[in-house]
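1. Predicted model follows, preceded by the sequence.
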Amino acid sequence: MTRCRLCGSAALSSVVDLGATPPCESFLAADRLDQPEPAYPLHLRVCTDCWLAQIPPLITPEETFKEYAYFSSYSTSWVEHARTFVADAVRRVGLGTDGPDVSEAFVVEVASNDGYLLKHVVDRGIRCLGIEPSVNVGAAARDAGVPTLSEFLSPDTGSAVRAEHGPADLVVANNVYAHIPDVVGFTQGLRALVADDGWVSIEVQHLLTLIEENQYDTIYHEHFQYYTVASAIRALAGGGLTLVDVELLPTHGGSIRLWARPAEVAGEPTRRVADVLAREKAAGLQELSGYSEFSARVAKVRRDLLRFLIDAAERGETVVGYGAPGKGNTLLNHCGIRPDLLAYTVDRNPYKHGRFTPGTRIPILPPERIAADKPDYVLVLPWNLRAELVEQLSFVHDWGGRLVFPIPELSIVEPSIVEVKA
């Protein structure tokens, strides 16, 4: 990568180099363990002209998302987050009140996964459509009664959907804006979908919290770029959309919800936009000084986790994992953790059972295995669900086991203590 994918500048500066890792969702079947496994550089850089943080587009979305291992419905808190969002969004857009009548309204979600969000739209009697490129995940959504088109969003796809179904009063794009290398083309697709007086809602991880909270494991090949509000404004403008409001969310360790509208009807942004822009500027994210210490803090996370795992092994204590998320695979590969230090991990998603983590080859088992084996420690890889999982894994306390969270810094907690930190 020699030029910024958003503005075309050659002024790219290194933020952190995590070496080379396999794609984080390429879970291995047992019959592939003796086969070669490709690995790609994972080097985050920031453009010092538009301040978009990005990694090289070394893999394509088609390689990752045609068959996908992530099903949103397996996270209880994420399903609840979606339900609350739908209720709030319906009020904001005014469906059935000051806006379009419910019987005439139309909602589109891009990267709709297994229908976890749109099922709440269906329940309200609102016409909707999911656009989901992963064939296996989209099939699950259709089985759940959510109309779903198995396609990637492009300007042409957006125009075709609009021609067939009409313009959307609300377009939702949660946790996908980082997943597409063609930022401008994708945004143009959003503009093609949305009505001329409609709304677009985008949720994406906030680079501010990624840097401040050492969340380097969320850097992986599926995430091509990492947004501040400042860089998101520029990305949206490239597709004919204007940011009108922003919300700060706790999801994924800290996310931003961007509310945008077609530039012709957007009007002035809310005070919250200015406030977040000021926070980003104060954190130094529009100058290189804001990124200068991140690499050193990443190295400390690695050393602390390895020291803990090695010490536990030498004491004869058992450590297993909980979850097999994409972020966990960045962490495991960067730290060089293998089954001698982490015997296995478990996951609620049956798709992953019997498979192995990419690169590190750690077995993935059903969650019930933890209660059967009673390990001394459970390393929680989806640390962003901390509050949910401390409560969910409270049974580990029955035999004196403890939970380990590696991010933002190593912490060991009693699972019987329900925490509120996310």
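-> That came in fine, so what should we check first?

2. And the strands in the stretch 101-250 of the chain?
-> Assigned by DSSP state E, counting those that start in this stretch, the strands in the stretch 101-250 of the chain fall at 106-110, 127-131, 148-149, 168-174, 194-205, 225-226, 241-249.

3. right, and those - which one's nearest residue 57?
-> Across these, residue 57 has its closest neighbour in strand 225-226 (9.6 Å, Cβ to Cβ). The way it works is simple: take the backbone N, C-alpha and C, and place the C-beta from them, glycine included.

4. what does the closest one contact?
-> 5-6, 44, 52-55, 178, 183, 205, 207, 210, 219, 231 (Cβ atoms under 8 Å, 6 or more residues apart in numbering).

5. okay, those residues in JSON lines with neighbour count, pLDDT and distance to residue 137 next?
-> Formatted as JSON lines, the contacts of strand 225-226 follow (neighbours: other Cβ atoms under 10 Å; pLDDT from 0 to 100; distance: Cβ to Cβ, whole Å):
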{"residue": "5", "neighbour count": "21", "pLDDT": "93", "distance to residue 137": "26"}
{"residue": "6", "neighbour count": "19", "pLDDT": "95", "distance to residue 137": "28"}
{"residue": "44", "neighbour count": "24", "pLDDT": "97", "distance to residue 137": "27"}
{"residue": "52", "neighbour count": "26", "pLDDT": "97", "distance to residue 137": "28"}
{"residue": "53", "neighbour count": "25", "pLDDT": "98", "distance to residue 137": "27"}
{"residue": "54", "neighbour count": "25", "pLDDT": "97", "distance to residue 137": "26"}
{"residue": "55", "neighbour count": "24", "pLDDT": "96", "distance to residue 137": "24"}
{"residue": "178", "neighbour count": "19", "pLDDT": "95", "distance to residue 137": "18"}
{"residue": "183", "neighbour count": "25", "pLDDT": "94", "distance to residue 137": "23"}
{"residue": "205", "neighbour count": "23", "pLDDT": "95", "distance to residue 137": "20"}
{"residue": "207", "neighbour count": "31", "pLDDT": "98", "distance to residue 137": "27"}
{"residue": "210", "neighbour count": "25", "pLDDT": "97", "distance to residue 137": "25"}
{"residue": "219", "neighbour count": "23", "pLDDT": "96", "distance to residue 137": "23"}
{"residue": "231", "neighbour count": "26", "pLDDT": "97", "distance to residue 137": "28"}
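
6. Between those, which sits nearest residue 282?
-> If you rank these by distance to residue 282 using Cβ to Cβ, residue 207 comes first, at 14.0 Å.

7. Flag the shaky bits of this protein, pLDDT-wise.
-> Along the chain, segments meeting pLDDT under 70 span 1, 61-74, 96-103, 415-422.

8. If we use 80, what do you get?
-> 1, 60-78, 96-103, 414-422 (pLDDT under 80).

9. picking that back up, and which of the contacts of strand 225-226 is nearest residue 266?
-> residue 231 (18.0 Å).

10. which residues touch that closest one?
-> For residue 231, the contacting residues are 6, 50-53, 207, 225, by Cβ under 8 Å, 6+ apart.

11. What about the residues you listed, which are in strands?
-> Using DSSP state E, the subset of those located in strands is 53, 225.

12. quick one, helices of this structure?
-> Applying DSSP state H to the chain gives helices spanning 61-65, 76-93, 118-123, 135-143, 155-165, 183-193, 207-212, 229-237, 271-282, 294-314, 326-335, 368-373, 386-392.
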